[in-house]
Every structure is written in structure tokens, then in C-alpha cells.
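[1] sharing a sequence plus its predicted fold:
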Amino acid sequence: MKPYPSHDWTRLIGVPVEIRRDSGVVRAGVVDDAMPHPAALWLAADAGGGRELFTAAEGYEAWIRPRVLGGTLCYKMAADQLKGAPTLGP
């Protein structure tokens with residue numbers, strides 16, 4: 001599946017993302033924490049660098065790539081973000 005920008009950064013906690021600015025990938029990693037207003041998120045520390053803060057006000061975008069997973073749940077992303085994805089419950 002193709003990546004696309006996410007506009008609700010608070011839903012990305014624990015999700016792998018690409019941070020982009022001016023159409024280029026700045027860093028990729030897992031979102032450690034996020035704030036809604038102003039939009040800001042922290043990428044968790046990993047081999048690529050320490051914990052780092054990115055804000056929409058500085059021109060950063062968080063891009064996500066839905067991935068097919070095994071088992072009953074087919075997607076890592078929330079089902080309401082993906083048309084036709086299975087949902088839990090009635």
C-alpha cells in the first residue's frame with residue numbers, strides 16, 4: 001500500500017511513520033508521543049538517533065504506510081481510516 005500523510009498525529013502513538021519535509025524523508029521511526037494542538041510528535045530513540053520532536057508548524061508531515069498483518073485484524077492502522085477494512089464488534 002502507498003504511504004499517505006496523516007493529519008491526526010495523536011492517533012499515531014506506537015505506529016511506524018516517515019517524517020517528511022519539503023517532499024523528502026527526514027527520518028523514519030515509531031511515534032513515542034504526540035500532541036494535537038499545536039500538532040507535534042516525538043519519535044522514539046532508535047539506531048537512527050535519539051528521541052526527537054517534530055512539529056507541523058515547522059513544515060513537517062507524518063506519513064504512514066498501512067501494512068497487512070496476519071490473523072483476524074488485517075491492518076495496523078485504525079479500521080476507520082481504511083475503506084473496506086474489517087472492524088471489531090457489530
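    It's in. What you see is a predicted model; the values in this text were computed from it and never measured.

[2] let me see the ranges of the strands in the protein.
    4-6, 16-21, 24-35, 40-43, 52-55, 61-64 (DSSP state E).

[3] just checking, what packs against the third one?
    Strand 24-35 sits against strand 16-21, strand 40-43, with contacts defined as 3 or more CB pairs under 8 Å, 6 or more residues apart in numbering; DSSP states H and E. In this view, the C-beta of every residue, glycine as well, is placed from N, C-alpha and C.

[4] same check, this time on the second one
    In terms of contact count using 3+ CB pairs under 8 Å, 6+ apart, strand 16-21 is assigned the packing partners strand 24-35, strand 40-43, strand 61-64.

[5] could you rerun that using 7 Å?
    strand 24-35, strand 61-64 (3 or more CB pairs under 7 Å, 6 or more residues apart in numbering; DSSP states H and E).

[6] what's the most buried one of those strands?
    Comparing these by mean neighbour count (mean count of other CB atoms under 10 Å), strand 61-64 comes out on top with a mean of 19.

[7] who does that one pair up with?
    strand 4-6 (antiparallel), strand 16-21 (antiparallel) (DSSP bridges).

[8] now the first one: mean pLDDT?
    Pointing back at strand 4-6 there. Average pLDDT, strand 4-6: 92.

[9] can you give the contact residues for it?
    With contacts defined as CB atoms under 7 Å, 6 or more residues apart in numbering, strand 4-6 is touched by 12, 61-64.

[10] quick check: the farthest pair among those?
    Farthest pair in these (CB to CB) is 12 and 61. Separation: 11.6 Å.

[11] tell me, how many residues neighbour residue 21?
    Using other CB atoms under 10 Å, residue 21 is surrounded by 13 other residues.

[12] please read the previous query as pertaining to residue 20.
    19.

[13] where does the prediction get shaky in the chain?
    Low-confidence segments of the chain (pLDDT under 70): 69-90.
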